[in-house]
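*Asks:* Everything below, folded, please.
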Amino acid sequence: MSRWLSVYHRLPYPLRVMAASARGYYLNYWRQGRSSEQLITEAHQRETWDSAAWKVWRDQRLRLLLERAATQVPYYRDYWSRRKDGEWARLENWPILKKDVLRENPGAFVADGCDRRRMFSEHTSGTTGKPLSVWWSRRTAQEWYALFEARARRWHGVSDRDRWVHIGGQLVTPFDQKRPPFWVWNFAMRQLYMSSYHLCPENISAYLDAMRRHRVRYMLGYSSSMYTLARLAEVNGLEAPRLAVVISNAEPLFAHQRETISRVFGCPVRETYGMTEIVCAASECEQGSLHIWPDVGVLEILEDDSDKPAEPGQPGRVVATGLLNMDMPLVRYEVGDRAVIDSTGSRCACGRGLPLLRSVEGRSDDTVLTPDGRTLGRITAVFKTDLPIQEAQVEQQSLCQLLVRIVPLDDYKEADGQSIIERLRERVGNTMAIRIELVDSIPRTANGKFRTVISRLSSEDRELAFRGQASDTRTGGLSGLSTSGERP
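*Replies:* Residues are numbered from 1 along each chain as shown. Model (predicted):
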């Protein structure tokens with residue numbers, strides 16, 4: 001646990017609210033400005049464009065970005081200085097950028113003259129479990145959040161002026177806290193940030209009461225966490241507040257999750273797709289179509305076994321060139337997902353001219369289920385810090401056993417493994433054995449995907465835990481055990 005988080009968790013609730021609100025004001029400074037409403041208006045205006053208008057706009061912005069990348073970004077400038085053939089003005093001449101390359105030296109992708117200390121820093125583990133850092137200028141942050149406001153919120157009749165509830169991966173409440181509040185109110189953002197680590201049957205009534213008390217209009221968060229909240233409310237016969245919309249992010253949204261969440265909260269459920277690297281994004285309209293945001297990036301779908309474009313309508317690797325972040329340009333960046341773009345050219349019934357994303361594969365991480373029935377999504381947030389690891393994977397072997405596979409870097413120490421165990425312990429508590437295994441590599445699936453979380457639980461184990469009927473007898477009595485492994 002970081003020193004700041006340790007101090008925060010010891011604060012009484014009113015002071016936690018002050019700390020969260022201070023953070024909210026800081027984020028608002030970066031994300032919003034005098035031009036925000038104009039940026040939102042322009043985003044809506046571009047939605048009426050046809051493909052020809054988008055091509056003119058995209059080509060102009062892409063030309064500026066490629067020139068800046070090739071001449072002012074150390075990594076790319078070095079690449080093109082060694083290439084005597086090819087033309088950097090043509091996107092197809094650029095190499096595919098792998099996550100490993102970006103992760104190993106992210107500073108080499110920041111343009112000359114940009115001071116990272118004066119930029120907004122984001123950290124992510126993405127779909128691969130590998131820690132990654134990116135930097136944004138304030139202009140980039142404001143353009144990105146204006147698009148999110150326009151197409152994730154206002155398409156569905158809500159805005160950042162409304163009160164809302166967010167269920168995410170931040171540890172806003174210590175894991176071992178047994179009584180509410182399992183949330184914190186952020187005055188600056190009108191946000192009720194709820195813990196995704198305390199969703200178990202005995203706490204659901206308190207969650208729903210908090211949503212009513214804070215008069216939230218909509219909910220945004222991990223689909224797995226929102227589904228758990230909805231299903232537990234339904235199973236226990238609890239009435240949930242009616243919402244205007246529920247918006248999922250960071251995880252895939254499955255049909256059964258959508259149906260349950262919609263039924264319980266009495267509203268539509270809409271999906272979004274994006275990443276911290278902001279090279280591509282999409283959101284679902286009121287007609288149920290997932291629209292690509294062309295103003296975020298140039299999207300390519302490549303064959304699985306080559307760098308050639310996939311056949312129209314066929315799934316392939318997502319490779320994207322970001323158009324928003326001119327100060328840390330990522331050209332032909334391989335996102336780590338697979339997707340299918342609609343190739344028919346048909347226009348959505350909503351009337352918008354934005355292209356359609358038929359489906360997104362990848363991001364199919366399993367969740368971790370604790371013995372007391374808590375479903376934890378995106379558990380790999382523990383790897384987001386600058387740990388000396390190449391990649392990591394969590395496997396739940398039983399209700400009381402977690403195995404963490406780590407491919408360490410040269411400066412990895414046993415203390416780093418212990419730090420990972422402690423971070424996991426903050427999320428899963430003391431009823432699970434956590435073992436670290438150092439490995440040379442982590443296997444991919446048959447289609448090349450990397451799974452950050454693998455669950456080996458049977459449907460019987462899941463049902464028992466969900467109903468609060470699991471016992472240590474069934475799981476081997478391994479509560480509280482944690483060990484740090486060595487490379488085999």
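*Asks:* Is the nearest residue to residue 47 once chain neighbours are set aside part of a helix or strand, or is it coil?
*Replies:* In space, and not counting its chain neighbours, residue 47 is closest to residue 352: 4.5 Å by Cβ to Cβ, 6 or more residues apart in numbering. For glycine as for every other residue, the C-beta is placed from the backbone atoms N, C-alpha and C. Recorded secondary structure, residue 352: coil (DSSP: H, G, I helix; E, B strand; the rest coil).
*Asks:* Now for residue 352: which residues touch it?
*Replies:* The neighbours of residue 352, taking Cβ atoms under 8 Å, 6 or more residues apart in numbering as the test, are 47-48, 285, 291.
*Asks:* where along the stretch 1-150 of the chain do the helices fall?
*Replies:* 3-10, 13-31, 36-46, 51-72, 74-82, 99-104, 138-148 (DSSP state H, counting those that start in this stretch).
*Asks:* Show me the one of the ones you listed that comes nearest residue 115.
*Replies:* Closest approach to residue 115 among those is made by helix 138-148 (12.5 Å; Cβ to Cβ).
*Asks:* Does anything pack onto the very next helix or strand once past the closest one? Which helices or strands?
*Replies:* Using DSSP states H and E, the helix or strand that follows helix 138-148 towards the C-terminus is strand 164-168. With contacts defined as 3 or more Cβ pairs under 8 Å, 6 or more residues apart in numbering; DSSP states H and E, strand 164-168 has these neighbours: strand 191-195, strand 218-221, helix 223-235.
*Asks:* What average pLDDT does the helix or strand that strand 164-168 is followed by get?
*Replies:* Per DSSP H and E, the first helix or strand lying C-terminal to strand 164-168 is strand 183-186. The predicted model assigns strand 183-186 a mean pLDDT of 98.
*Asks:* Strand 183-186 pairs with which strands?
*Replies:* Applying DSSP bridges, strand 183-186 is found paired with strand 191-195 (antiparallel).
*Asks:* Output the below-cut-off pLDDT ranges for the stretch 51-200 of the chain.
*Replies:* Along the stretch 51-200 of the chain, the model assigns pLDDT under 70 to residues 86, 125-130.
*Asks:* Among the contacts of residue 352, which ones are in strands?
*Replies:* Using DSSP state E, the members of the contacts of residue 352 that fall within strands are residue 291.
*Asks:* and the contacts of residue 352, which two are the farthest apart?
*Replies:* Going by Cβ to Cβ, the pair spanning the contacts of residue 352 furthest: 48 and 285, at 13.5 Å.
*Asks:* Between these two, which is the more surrounded one?
*Replies:* Neighbours per residue (other Cβ atoms under 10 Å) separate residue 48 from residue 285, with residue 285 holding more: 20 against 11.
*Asks:* Report the separation between that one and residue 292.
*Replies:* Residue 285 is 12 Å from residue 292, where distance means Cβ to Cβ, to the nearest Å.
*Asks:* returning to what we had before: could I get the helices of the stretch 1-150 of the chain as CSV with mean neighbour count and distance to residue 188?
*Replies:* Formatted as CSV, these follow (neighbours: other Cβ atoms under 10 Å; distance: least, Cβ to Cβ, whole Å):
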stretch, mean neighbour count, distance to residue 188
helix 3-10, 12, 16
helix 13-31, 15, 3
helix 36-46, 15, 15
helix 51-72, 15, 32
helix 74-82, 15, 36
helix 99-104, 16, 31
helix 138-148, 21, 14
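*Asks:* for those, which one sits closest to residue 358?
*Replies:* Comparing those by their distance to residue 358 (Cβ to Cβ), the top pick is helix 51-72, with 16.8 Å.
*Asks:* which other helices and strands contact the closest one?
*Replies:* helix 74-82, strand 316-322.
*Asks:* contact partners of the shortest one?
*Replies:* Read it as strand 316-322. So strand 316-322 is contacted by 62, 65, 91, 94, 96, 277-280, 296-304, 309-310, 329-340, 360, 362 (Cβ under 8 Å, 6+ apart).
*Asks:* Quick one: closest of the helices of the stretch 1-150 of the chain to residue 346.
*Replies:* For the helices of the stretch 1-150 of the chain, the distance to residue 346 is smallest for helix 51-72, at 11.8 Å, taking Cβ to Cβ.
*Asks:* contact partners of that closest one?
*Replies:* Contacts to helix 51-72, defined as Cβ under 8 Å, 6+ apart, come from residues 46, 49, 76-77, 80, 88-89, 91, 94, 111-113, 294-295, 298, 321-323, 326, 329, 331, 345, 353, 355.
*Asks:* which of those count as buried?
*Replies:* When those are checked for burial by 16 or more other Cβ atoms under 10 Å, the buried set is 46, 49, 76-77, 80, 88, 91, 94, 111, 294-295, 298, 321-323, 326, 329, 331, 353, 355.
*Asks:* picking that back up, which one of the helices and strands packed on strand 164-168 has the lowest average pLDDT?
*Replies:* helix 223-235 (a mean of 87).
*Asks:* Put the alpha carbons of it into PDB.
*Replies:* Presented in PDB, the C-alpha positions along helix 223-235 are these (Å, rounded to 0.1, in the frame of the first residue of the first chain):
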ATOM      1  CA  SER A 223     -19.600  -4.200 -16.100                       C
ATOM      2  CA  SER A 224     -18.700  -7.200 -13.800                       C
ATOM      3  CA  SER A 225     -19.100  -5.000 -10.700                       C
ATOM      4  CA  MET A 226     -22.300  -3.400 -11.800                       C
ATOM      5  CA  TYR A 227     -23.700  -6.800 -12.700                       C
ATOM      6  CA  THR A 228     -22.800  -8.200  -9.300                       C
ATOM      7  CA  LEU A 229     -24.600  -5.200  -7.600                       C
ATOM      8  CA  ALA A 230     -27.700  -5.800  -9.800                       C
ATOM      9  CA  ARG A 231     -27.800  -9.500  -9.400                       C
ATOM     10  CA  LEU A 232     -27.300  -9.500  -5.600                       C
ATOM     11  CA  ALA A 233     -30.100  -6.900  -5.300                       C
ATOM     12  CA  GLU A 234     -32.400  -9.100  -7.300                       C
ATOM     13  CA  VAL A 235     -31.500 -12.300  -5.600                       C
END
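*Asks:* No more questions from me, cheers.
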